[in-house]
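>>> make a model of this:
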Amino acid sequence: MAVSIDLKSWDVAVVGEIYADHVFSGFARWPGPGEEVLARDYLRELGGGSVNTACGLSRLGRRTRLVGLIGETDFDWFERRLGDFGVGMDGIRLGADGTGTTVSVSTREDRSFFTYLGANAGLSELLEVPTVVADLVAARHVHFAMPLARELAARILPQLRQAGCTTSLDVGYSADWLRDPTNHATCREVDFFLPNAKEASLLVGDDSADAYAAWTGAQGLRHTVLKLGAQGALVADAAGARTIHAPAVEALDTTGAGDAFDAGLIDAVLDGETLDRCVQRACITGALCTTAAGALHALPHPPTLRTLRERTYGS
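Next up, the predicted model:
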């Protein structure tokens, strides 16, 4: 039975992998075997798509529940930093394997990542816990920032739909998940599947936006949205396929832009906006996220979002 919006505890529950990010940048060159090179810059920050999207939604004024696993030694740091965005810790559990960790190493030409899953390895098991499922059911919208295993999706998505929750899924660059056709059913079952162009190419075996639009139509996805970076996003429905252009900004760092895009889209979905207007808001939040270093520093407040919307798309 669907639960009335008035009885929902949260606007959004965001569930997914949580990381401590260590970002090294400003290298003149990539080191050879056995060599050491010095980084010009270093940043330690909360990371993971779930953190980025939850913070983006909370900054937009949404009651947000973040659900995931971290290590006990990082609890105080996470509590302070998430508190800067109004996100609480009640949905976060402590895992025995420590907080997941990603080391990002970048030169002018490219970036590479080294990742330790840590407590995130227990995320699927966490979503079997009745009290955790109750957290999700208590939200108007549930966003999964993780490669949602097919067996788990088949159990949890019908419960959320029965409770009146809308859902979205961003699996990130999870190559094995995207190449596995058994996950096509999950793409159909969520309200919004949110890949970028590189991820979509793994899913359909073609790197063109038109091929993805054709695939989603053939598969019967509820909505077609494809992130295209600085070009904006592709949307498709009964009226056909079209591109929503992104606002012009001076981009400094694209880290987390896709997660900010997700936050903007979900925020507009909760307002009952049309698909085009949802994606316009998503393009704005994604673009603004790129105007400062790191995924969290430039997440927009509502007045900034409204100003750029009027400038880019009109009223």
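
>>> every contact and neighbour count from this point should use C-alpha atoms.
Noted.

>>> so which residues of the stretch 201-315 of the chain form strands?
224-227, 233-237, 240-244 (DSSP state E, counting those that start in this stretch).

>>> who are the packing partners of the shortest one?
In this case it means strand 224-227. strand 192-193, helix 197-204, helix 209-219, strand 233-237 (3 or more Cα pairs under 8 Å, 6 or more residues apart in numbering; DSSP states H and E).

>>> deepest in the core, which of the strands of the stretch 201-315 of the chain is it.
strand 224-227 (a mean of 25; mean count of other Cα atoms under 10 Å).

>>> list the contacts of it.
The contact list for strand 224-227, computed with Cα atoms under 8 Å, 6 or more residues apart in numbering, reads 192-197, 200, 209, 213, 216, 233-237, 258, 279.

>>> could I get the helices and strands packed on strand 224-227 as JSON lines with distance to residue 294?
Formatted as JSON lines, those follow (distance: least, Cα to Cα, whole Å):
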{"stretch": "strand 192-193", "distance to residue 294": "24"}
{"stretch": "helix 197-204", "distance to residue 294": "21"}
{"stretch": "helix 209-219", "distance to residue 294": "28"}
{"stretch": "strand 233-237", "distance to residue 294": "22"}
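
>>> what pLDDT is listed against the residue nearest in space to the middle of the chain?
By Cα atoms, centre = their mean, the chain has its centre lying nearest to residue 259, at 3.6 Å. On pLDDT, residue 259 comes in at 96.

>>> how about the one 4 residues further on?
According to the per-residue confidence, residue 263 scores 98 in pLDDT.

>>> just use 39 as the starting number from now, easier for me
Understood, numbering begins at 39; the last thing we discussed is residue 301.

>>> distance of residue 178 relative to residue 288?
Distance check for residue 178 against residue 288: by Cα to Cα, to the nearest Å, it reads 34 Å.

>>> higher neighbour count, those two?
Legend: neighbour count by other Cα atoms under 10 Å for residue 178 and residue 288, higher for residue 178 (25 against 11).

>>> the helix or strand that contains that one: partners in the sheet, and parallel or antiparallel?
According to DSSP states H and E, residue 178 maps onto strand 177-183. In the sheet, strand 177-183 lines up against strand 48-54 (parallel), strand 204-207 (parallel) (DSSP bridges).
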